[in-house]
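# Generate a structure from the sequence data that follows.
(3 chains)
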Amino acid sequence: MPELPEVETIARDLDRAISGRRIAGAKLFWPKTFDVRGPSLRSLRGDRITRVHRIGKFVVMDLESGRHIAVHLRMTGQLIALANGSGRKAATDGAPRAPSDAKHTRLLLRFEDGGTLAFSDTRKFGRWRIVEGDVREALGIGVDPFDPALTPERLYELTRGRTTPIKTWLLDQRHLSGIGNIYASEALYDARIRPTRRAGRLSRAQSAALLHSLRKVMRKAISYRGSSVDDYVDGAGMPGEFQKKLAVYGRGGMPCRRCKTVIRRVVLAQRGTFFCPVCQL
DNA sequence: ATCAGCACCTGTTGGC
DNA sequence: TGCCAACAGGTGCTGA
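Numbers count the residues shown, from 1 in each chain, chains lettered A, B, ... in the order given. Have a look, this model is predicted:
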(Lines give C-alpha, C1' and ligand atoms only; values in the text may rest on other atoms or scores of the structure.)
Protein backbone atom coordinates (compact mmCIF):
# COMPACT_ATOMS: atom_id res chain seq x y z
CA MET A 1 0.00 0.00 0.00
CA PRO A 2 2.24 2.78 1.10
CA GLU A 3 5.44 3.89 -0.54
CA LEU A 4 7.38 7.06 0.07
CA PRO A 5 4.78 9.53 -1.30
CA GLU A 6 1.92 7.93 0.62
CA VAL A 7 3.89 7.72 3.87
CA GLU A 8 5.05 11.31 3.43
CA THR A 9 1.45 12.46 2.97
CA ILE A 10 0.28 10.62 6.06
CA ALA A 11 3.19 11.90 8.16
CA ARG A 12 2.49 15.51 7.16
CA ASP A 13 -1.20 15.11 7.94
CA LEU A 14 -0.50 13.57 11.31
CA ASP A 15 2.12 16.16 12.18
CA ARG A 16 -0.58 18.78 11.92
CA ALA A 17 -3.23 16.64 13.59
CA ILE A 18 -1.49 15.12 16.60
CA SER A 19 1.79 16.92 17.33
CA GLY A 20 1.75 18.30 20.83
CA ARG A 21 -0.81 15.82 22.09
CA ARG A 22 -0.24 13.82 25.23
CA ILE A 23 -0.92 10.09 25.19
CA ALA A 24 -3.53 8.86 27.63
CA GLY A 25 -3.29 5.22 26.70
CA ALA A 26 -2.93 2.60 24.00
CA LYS A 27 -5.13 -0.36 23.18
CA LEU A 28 -3.88 -3.33 21.17
CA PHE A 29 -6.37 -5.55 19.37
CA TRP A 30 -3.99 -7.76 17.35
CA PRO A 31 -0.93 -8.66 19.45
CA LYS A 32 1.51 -9.12 16.57
CA THR A 33 0.92 -5.55 15.45
CA PHE A 34 3.19 -4.36 18.27
CA ASP A 35 6.84 -5.39 18.12
CA VAL A 36 7.90 -6.24 21.66
CA ARG A 37 11.54 -5.36 21.04
CA GLY A 38 12.06 -2.12 22.91
CA PRO A 39 9.84 -0.34 25.45
CA SER A 40 6.31 -1.53 26.13
CA LEU A 41 3.15 0.01 24.73
CA ARG A 42 2.09 0.76 28.29
CA SER A 43 5.12 3.01 28.76
CA LEU A 44 3.63 5.50 26.29
CA ARG A 45 1.13 6.73 28.85
CA GLY A 46 1.89 10.33 29.76
CA ASP A 47 4.40 10.83 26.96
CA ARG A 48 3.80 13.55 24.41
CA ILE A 49 4.16 13.52 20.62
CA THR A 50 6.39 16.39 19.55
CA ARG A 51 6.59 15.74 15.80
CA VAL A 52 5.52 13.28 13.12
CA HIS A 53 7.70 12.66 10.09
CA ARG A 54 8.80 10.00 7.62
CA ILE A 55 11.92 7.86 7.52
CA GLY A 56 11.93 5.55 4.51
CA LYS A 57 8.49 3.95 4.54
CA PHE A 58 8.11 4.40 8.29
CA VAL A 59 5.86 6.97 9.92
CA VAL A 60 7.89 8.16 12.90
CA MET A 61 6.41 9.91 15.91
CA ASP A 62 9.04 11.68 18.01
CA LEU A 63 8.26 11.69 21.71
CA GLU A 64 9.03 14.15 24.47
CA SER A 65 10.92 11.38 26.28
CA GLY A 66 13.40 11.18 23.41
CA ARG A 67 11.96 7.92 22.16
CA HIS A 68 10.23 7.35 18.82
CA ILE A 69 7.25 5.35 17.67
CA ALA A 70 8.04 3.81 14.27
CA VAL A 71 5.07 2.49 12.29
CA HIS A 72 5.37 0.46 9.12
CA LEU A 73 2.09 0.14 7.22
CA ARG A 74 3.21 -2.71 4.96
CA MET A 75 0.38 -3.49 2.52
CA THR A 76 -2.88 -2.32 4.05
CA GLY A 77 -2.06 -0.29 7.14
CA GLN A 78 -3.87 3.00 7.68
CA LEU A 79 -3.15 5.68 10.29
CA ILE A 80 -6.07 7.99 10.80
CA ALA A 81 -6.47 10.81 13.29
CA LEU A 82 -9.99 10.96 14.64
CA ALA A 83 -11.28 14.16 16.12
CA ASN A 84 -13.12 12.43 18.92
CA GLY A 85 -12.61 9.16 20.72
CA SER A 86 -14.84 7.10 18.49
CA GLY A 87 -12.76 4.03 19.21
CA ARG A 88 -13.51 0.94 17.21
CA LYS A 89 -16.92 2.11 16.25
CA ALA A 90 -17.27 3.76 12.90
CA ALA A 91 -17.03 7.50 13.26
CA THR A 92 -20.45 8.98 13.08
CA ASP A 93 -19.56 12.61 13.44
CA GLY A 94 -18.74 12.75 9.77
CA ALA A 95 -15.28 14.23 10.25
CA PRO A 96 -13.20 11.74 8.25
CA ARG A 97 -15.21 10.50 5.31
CA ALA A 98 -13.55 7.12 5.23
CA PRO A 99 -12.67 6.41 8.85
CA SER A 100 -10.48 3.44 9.57
CA ASP A 101 -13.10 0.76 9.57
CA ALA A 102 -13.76 -0.66 12.98
CA LYS A 103 -13.53 -4.23 11.80
CA HIS A 104 -9.82 -3.95 11.02
CA THR A 105 -8.65 -1.70 13.82
CA ARG A 106 -5.50 -3.24 15.30
CA LEU A 107 -4.27 -0.52 17.65
CA LEU A 108 -5.58 2.72 19.08
CA LEU A 109 -3.74 5.61 20.72
CA ARG A 110 -5.94 7.77 22.88
CA PHE A 111 -4.95 11.32 23.73
CA GLU A 112 -5.65 13.23 26.90
CA ASP A 113 -7.76 15.74 25.00
CA GLY A 114 -10.04 12.97 23.78
CA GLY A 115 -8.69 12.58 20.25
CA THR A 116 -7.65 9.22 18.88
CA LEU A 117 -5.11 7.85 16.41
CA ALA A 118 -6.48 4.68 14.83
CA PHE A 119 -4.35 2.05 13.15
CA SER A 120 -6.39 -0.09 10.81
CA ASP A 121 -4.80 -2.95 8.90
CA THR A 122 -6.80 -5.52 6.97
CA ARG A 123 -3.98 -7.95 6.32
CA LYS A 124 -2.30 -7.56 9.71
CA PHE A 125 1.20 -7.13 8.25
CA GLY A 126 1.78 -3.65 9.67
CA ARG A 127 4.03 -3.15 12.68
CA TRP A 128 4.49 -0.62 15.48
CA ARG A 129 7.61 -0.43 17.57
CA ILE A 130 9.15 1.98 20.02
CA VAL A 131 12.75 2.91 19.34
CA GLU A 132 15.33 4.50 21.63
CA GLY A 133 18.30 6.23 20.06
CA ASP A 134 19.00 6.59 16.35
CA VAL A 135 15.90 5.60 14.39
CA ARG A 136 17.36 5.12 10.93
CA GLU A 137 20.04 2.89 12.32
CA ALA A 138 17.54 0.87 14.34
CA LEU A 139 15.44 0.38 11.24
CA GLY A 140 18.42 -0.67 9.14
CA ILE A 141 17.49 1.25 6.02
CA GLY A 142 19.52 3.11 3.43
CA VAL A 143 19.69 6.69 2.21
CA ASP A 144 16.53 8.62 1.42
CA PRO A 145 16.01 9.31 -2.30
CA PHE A 146 15.57 13.01 -1.48
CA ASP A 147 18.71 13.24 0.66
CA PRO A 148 21.01 15.81 -0.97
CA ALA A 149 23.91 13.50 -0.14
CA LEU A 150 22.55 11.13 -2.74
CA THR A 151 24.14 12.54 -5.89
CA PRO A 152 24.05 10.98 -9.36
CA GLU A 153 27.67 9.97 -8.88
CA ARG A 154 26.82 8.37 -5.55
CA LEU A 155 23.99 6.36 -7.09
CA TYR A 156 26.36 5.30 -9.85
CA GLU A 157 28.88 4.13 -7.25
CA LEU A 158 26.28 2.30 -5.18
CA THR A 159 25.20 0.22 -8.14
CA ARG A 160 28.69 -0.80 -9.30
CA GLY A 161 29.23 -4.52 -9.31
CA ARG A 162 25.55 -5.29 -8.72
CA THR A 163 24.23 -7.92 -11.05
CA THR A 164 20.65 -7.87 -9.83
CA PRO A 165 18.03 -6.17 -12.05
CA ILE A 166 17.86 -2.44 -11.32
CA LYS A 167 14.18 -2.71 -10.38
CA THR A 168 14.95 -5.39 -7.80
CA TRP A 169 17.85 -3.30 -6.52
CA LEU A 170 15.56 -0.28 -6.06
CA LEU A 171 13.14 -2.32 -3.95
CA ASP A 172 15.84 -3.29 -1.44
CA GLN A 173 15.39 -0.80 1.39
CA ARG A 174 19.01 -1.21 2.50
CA HIS A 175 20.10 0.54 -0.70
CA LEU A 176 17.63 3.42 -0.97
CA SER A 177 14.70 3.72 1.43
CA GLY A 178 11.14 4.49 0.44
CA ILE A 179 10.79 3.14 -3.10
CA GLY A 180 8.17 0.46 -3.62
CA ASN A 181 6.67 -1.50 -6.46
CA ILE A 182 4.64 1.29 -8.05
CA TYR A 183 7.28 4.01 -8.10
CA ALA A 184 10.08 1.67 -9.13
CA SER A 185 8.15 0.91 -12.33
CA GLU A 186 7.11 4.53 -12.79
CA ALA A 187 10.59 6.00 -12.33
CA LEU A 188 12.25 3.46 -14.63
CA TYR A 189 9.66 4.23 -17.29
CA ASP A 190 10.27 7.95 -16.89
CA ALA A 191 14.04 7.41 -17.14
CA ARG A 192 13.57 5.04 -20.10
CA ILE A 193 15.49 2.27 -18.41
CA ARG A 194 14.38 -1.35 -18.67
CA PRO A 195 13.59 -2.84 -15.22
CA THR A 196 15.56 -5.98 -16.07
CA ARG A 197 18.78 -4.08 -16.77
CA ARG A 198 21.56 -5.16 -14.40
CA ALA A 199 22.08 -2.42 -11.80
CA GLY A 200 25.84 -2.46 -12.36
CA ARG A 201 25.35 -1.89 -16.09
CA LEU A 202 23.74 1.54 -15.76
CA SER A 203 25.83 4.26 -17.34
CA ARG A 204 26.58 7.49 -15.50
CA ALA A 205 23.99 9.22 -17.62
CA GLN A 206 21.39 6.59 -16.80
CA SER A 207 22.15 6.82 -13.08
CA ALA A 208 21.62 10.55 -13.25
CA ALA A 209 18.41 10.13 -15.24
CA LEU A 210 17.10 7.54 -12.80
CA LEU A 211 17.74 9.71 -9.76
CA HIS A 212 16.11 12.63 -11.49
CA SER A 213 13.07 10.52 -12.41
CA LEU A 214 12.73 8.99 -8.94
CA ARG A 215 12.58 12.44 -7.42
CA LYS A 216 10.38 13.90 -10.13
CA VAL A 217 7.80 11.10 -10.02
CA MET A 218 7.64 10.89 -6.24
CA ARG A 219 7.56 14.67 -5.79
CA LYS A 220 4.61 14.78 -8.15
CA ALA A 221 2.93 11.87 -6.37
CA ILE A 222 3.28 13.73 -3.07
CA SER A 223 1.68 16.79 -4.63
CA TYR A 224 -1.28 14.57 -5.57
CA ARG A 225 -1.35 13.13 -2.05
CA GLY A 226 -0.28 9.63 -3.09
CA SER A 227 -1.69 6.77 -5.16
CA SER A 228 -4.82 5.01 -3.96
CA VAL A 229 -4.70 1.83 -6.01
CA ASP A 230 -6.53 -0.08 -3.36
CA ASP A 231 -6.53 0.66 0.36
CA TYR A 232 -4.37 3.73 0.82
CA VAL A 233 -5.88 6.73 2.57
CA ASP A 234 -4.20 9.77 4.07
CA GLY A 235 -4.13 10.83 7.73
CA ALA A 236 -7.70 12.03 7.50
CA GLY A 237 -9.03 8.91 5.79
CA MET A 238 -9.20 10.35 2.28
CA PRO A 239 -7.80 8.70 -0.88
CA GLY A 240 -5.01 10.19 -2.98
CA GLU A 241 -5.20 11.17 -6.64
CA PHE A 242 -1.95 10.03 -8.22
CA GLN A 243 -3.32 6.63 -9.32
CA LYS A 244 -4.95 8.57 -12.17
CA LYS A 245 -1.53 9.78 -13.30
CA LEU A 246 0.35 6.49 -13.31
CA ALA A 247 2.16 5.97 -16.61
CA VAL A 248 2.85 2.23 -16.56
CA TYR A 249 2.00 0.62 -13.25
CA GLY A 250 -1.04 -1.62 -13.71
CA ARG A 251 -1.24 -0.83 -17.44
CA GLY A 252 -0.18 -4.21 -18.81
CA GLY A 253 -1.73 -4.83 -22.24
CA MET A 254 -2.54 -1.15 -22.70
CA PRO A 255 -0.74 1.18 -25.12
CA CYS A 256 2.37 3.07 -24.02
CA ARG A 257 1.55 6.74 -23.55
CA ARG A 258 4.70 7.68 -25.47
CA CYS A 259 4.82 5.25 -28.39
CA LYS A 260 1.59 3.18 -28.29
CA THR A 261 3.48 -0.10 -27.95
CA VAL A 262 1.66 -2.57 -25.70
CA ILE A 263 2.92 -2.32 -22.11
CA ARG A 264 4.34 -5.58 -20.85
CA ARG A 265 4.09 -7.17 -17.44
CA VAL A 266 6.87 -9.40 -16.16
CA VAL A 267 7.64 -10.70 -12.68
CA LEU A 268 10.83 -9.57 -10.95
CA ALA A 269 11.57 -10.54 -7.37
CA GLN A 270 8.04 -11.97 -7.22
CA ARG A 271 6.51 -8.59 -7.96
CA GLY A 272 4.51 -7.46 -10.97
CA THR A 273 6.67 -5.16 -13.09
CA PHE A 274 5.47 -3.00 -15.95
CA PHE A 275 7.46 -1.46 -18.81
CA CYS A 276 7.39 -0.44 -22.44
CA PRO A 277 9.59 -2.79 -24.49
CA VAL A 278 10.30 -0.05 -27.04
CA CYS A 279 10.81 3.08 -24.94
CA GLN A 280 12.88 1.46 -22.23
CA LEU A 281 16.34 0.18 -23.11
C1' DA B 1 25.40 -11.63 -3.37
C1' DT B 2 21.23 -13.04 -4.95
C1' DC B 3 17.37 -15.93 -6.08
C1' DA B 4 13.16 -18.68 -5.57
C1' DG B 5 9.91 -20.05 -2.47
C1' DC B 6 7.31 -19.58 1.34
C1' DA B 7 5.39 -17.19 5.37
C1' DC B 8 2.56 -13.67 7.27
C1' DC B 9 -3.04 -12.32 6.36
C1' DT B 10 -7.47 -10.90 4.19
C1' DG B 11 -10.12 -9.44 0.43
C1' DT B 12 -11.20 -8.83 -4.44
C1' DT B 13 -11.48 -10.26 -9.06
C1' DG B 14 -11.72 -13.10 -13.07
C1' DG B 15 -12.34 -17.54 -15.26
C1' DC B 16 -15.09 -21.58 -15.76
C1' DT C 1 -24.49 -18.36 -8.29
C1' DG C 2 -20.56 -21.01 -6.73
C1' DC C 3 -15.88 -22.36 -6.41
C1' DC C 4 -11.11 -21.77 -6.95
C1' DA C 5 -6.94 -19.72 -8.32
C1' DA C 6 -4.39 -15.68 -8.88
C1' DC C 7 -3.17 -11.43 -7.26
C1' DA C 8 -2.40 -7.23 -4.19
C1' DG C 9 1.21 -0.99 -2.53
C1' DG C 10 5.90 -5.16 1.86
C1' DT C 11 9.28 -7.56 4.17
C1' DG C 12 11.75 -11.50 6.51
C1' DC C 13 13.42 -16.04 6.60
C1' DT C 14 15.38 -20.42 4.72
C1' DG C 15 17.89 -23.08 1.66
C1' DA C 16 20.23 -23.26 -2.62
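
# Is DNA strand C within reach of the helix or strand where A:Val52 lies?
A:Val52 belongs to strand A:49-55 when assigned by DSSP states H and E. No - with C-beta under 7 Å from any atom of the strand as the measure, strand A:49-55 is seen stopping short of DNA strand C, the closest distance being 11.0 Å. Quick note: C-beta positions are derived from backbone N, CA and C, even for glycine.

# Which residues are in contact with the residue in the stretch 51-200 of chain A positioned nearest to DNA strand C?
Across the stretch 51-200 of chain A, no residue is closer to DNA strand C than A:Gly180, which sits at 2.0 Å (C-beta to the nearest atom of the strand). A:Gly180 makes contacts with A:Pro2, A:Glu3, A:Leu4, A:Lys57, A:Leu171, as judged by C-beta atoms under 8 Å, 6 or more residues apart in numbering.

# before we move on, the earlier item: give the buried residues for the strand holding A:Val52.
For strand A:49-55, the neighbour count (16 or more other C-beta atoms under 10 Å) marks A:Ile49, A:Val52, A:His53, A:Arg54, A:Ile55 as buried.

# So the closest residue to DNA strand C within chain A: helix, strand or coil?
Distances from chain A to DNA strand C, computed as C-beta to the nearest atom of the strand, single out A:Asp230 as the nearest residue at 1.6 Å. The three-state label for A:Asp230, taken from DSSP: H, G, I helix; E, B strand; the rest coil, comes out as coil.

# Quick one: neighbours of it, just the number.
Other residues lying near A:Asp230 total 11 when counted by other C-beta atoms under 10 Å.

# returning to that earlier point: need the contacts of A:Gly180 in TSV with neighbour count and distance to A:Val131, can you?
Shown next, in TSV, are the contacts of A:Gly180 (neighbours: other C-beta atoms under 10 Å; distance: C-beta to C-beta, whole Å):
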residue	neighbour count	distance to A:Val131
A:Pro2	29	19
A:Glu3	23	21
A:Leu4	25	20
A:Lys57	23	15
A:Leu171	20	23
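
# okay, and for chain A, where does confidence drop off?
Counting by pLDDT under 70, chain A contains low-confidence residues at A:1, A:84-100.

# And the strands in it?
When assigned using DSSP state E, the strands of chain A occupy the ranges A:23-28, A:49-55, A:58-63, A:68-72, A:77-82, A:105-111, A:116-121, A:127-131, A:264-268, A:271-275.
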